[in-house]
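**Student:** please find the sequence and the predicted model below.
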Amino acid sequence: MRIACLQLNPQNDINENLKIALNNISQAAKQGAETVVLPEMFTYMGDESLRVQTRSKINEGIFTQIQSAAKEYKVNIIAGSHSEEIPNNSKKVFNTCITFNKNGDVISTYRKKHLFNLRDQNGKPLYCESDSFEIGEDPKSYQLETTEGSWNAFNIICYDLRFPEIVRSALKQDNFFDIIFVPAAFVWQTGKDHWEVLLRARAIENQCFVVACNQTGSFSNGQKKNYGNSMIIDPWGKILARMNEETGILTADIHRSNIDESRTRLPALKDRKIF
């Protein structure tokens, strides 16, 4: 299966951000991608207090435009994340990742559970997602259909990456994940030290592919910066493809045989004990 990660640098113009995302989806499809991954909050990066104003319902707005792209280009789309309206709540939204199959059907909906609140050395808030986002629920696995067969897939978002139990608690005996998708807006300050280490650890310990699509570049009038370095990692922890901090499309061909090889060489998942 050919995977494409769209490493983008969204700003505060939601229509322009969507236009760029849709153009990149089209280009990825032309490059033979069967599954396309967008970064977290690919629709808007600006004043955190305005995130609520950019919200959509699941069956409206931004979500339906990405759904239409999945149908038009016949690709699976892990649609990063976008602000989802919460009924009867005008102050907060969910940070929601929806996966569409090639027919445009919704096959997974995940609302980010771990919210990122970063402070400086003096305790001053730098990023406070809990100001505008509501805590989501546990993610669930789903079946991603491709020309190479069905993949047992799992979505987490950005800060979730730091909590391995969110993946392990969802594992069932002899029903392990084939691929973990990680849409993110992982900031430069922590990304330069932790991003690669955390991603490779999740791949190694779960013996599966990890596909991490990160935002890149500055936003909020240059006051904040995301790390980029989107990457696709195999079940042995080897980085198959990686970008730096440029915008663009990252592709790699992944094969189920790599999963079987890794788990045969080192049967760590089968040896796992539940405590």
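**Tutor:** Perfect, thanks for sending it. Numbering: from 1, shown residues only.
**Student:** now for the chain, the helix or strand with the poorest mean pLDDT.
**Tutor:** When each helix and strand of the chain is scored by mean pLDDT, DSSP states H and E, strand 125-128 comes last, with a mean of 73.
**Student:** what's the following helix or strand after it?
**Tutor:** As assigned by DSSP states H and E, the chain's next helix or strand after strand 125-128 is strand 142-146.
**Student:** for the helix or strand just after that following strand, output the C-alpha coordinates as PDB.
**Tutor:** Counting by DSSP H and E, the next helix or strand C-terminal to strand 142-146 is strand 149-155. Output of strand 149-155 as PDB, limited to C-alpha atoms (Å, rounded to 0.1, in the frame of the first residue of the first chain):
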ATOM      1  CA  GLY A 149      -6.100  -6.600   1.900                       C
ATOM      2  CA  SER A 150      -7.600  -5.400   5.200                       C
ATOM      3  CA  TRP A 151      -5.400  -3.600   7.700                       C
ATOM      4  CA  ASN A 152      -6.300  -3.400  11.400                       C
ATOM      5  CA  ALA A 153      -5.800   0.300  11.900                       C
ATOM      6  CA  PHE A 154      -5.800   2.700  14.900                       C
ATOM      7  CA  ASN A 155      -5.800   6.500  15.100                       C
END
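**Student:** in strand 149-155, what counts as buried?
**Tutor:** 151-155 (16 or more other Cβ atoms under 10 Å). C-beta coordinates here come from the backbone N, C-alpha and C atoms, glycine included.
**Student:** and if you look at stretch 215-222?
**Tutor:** Within stretch 215-222, the residues that qualify as buried are 215-217, 219, counting by 16+ other Cβ under 10 Å.
**Student:** which residues touch it?
**Tutor:** 7-12, 39-42, 45-47, 184-186, 224-230, 243, 245-247 (Cβ atoms under 8 Å, 6 or more residues apart in numbering).
**Student:** rerun at 6 Å
**Tutor:** Contacting residues not belonging to stretch 215-222 are listed as 7, 9, 11, 39, 45, 185, 225-226, 228, 245 [Cβ atoms under 6 Å, 6 or more residues apart in numbering].
**Student:** roughly how far out does that stretch sit from the chain middle?
**Tutor:** Here stretch 215-222 is found 18 Å from its chain centre; the criterion is Cα atoms, centre = their mean, to the nearest Å.
**Student:** quick one: average pLDDT of that stretch?
**Tutor:** For stretch 215-222, the mean per-residue pLDDT is 87.
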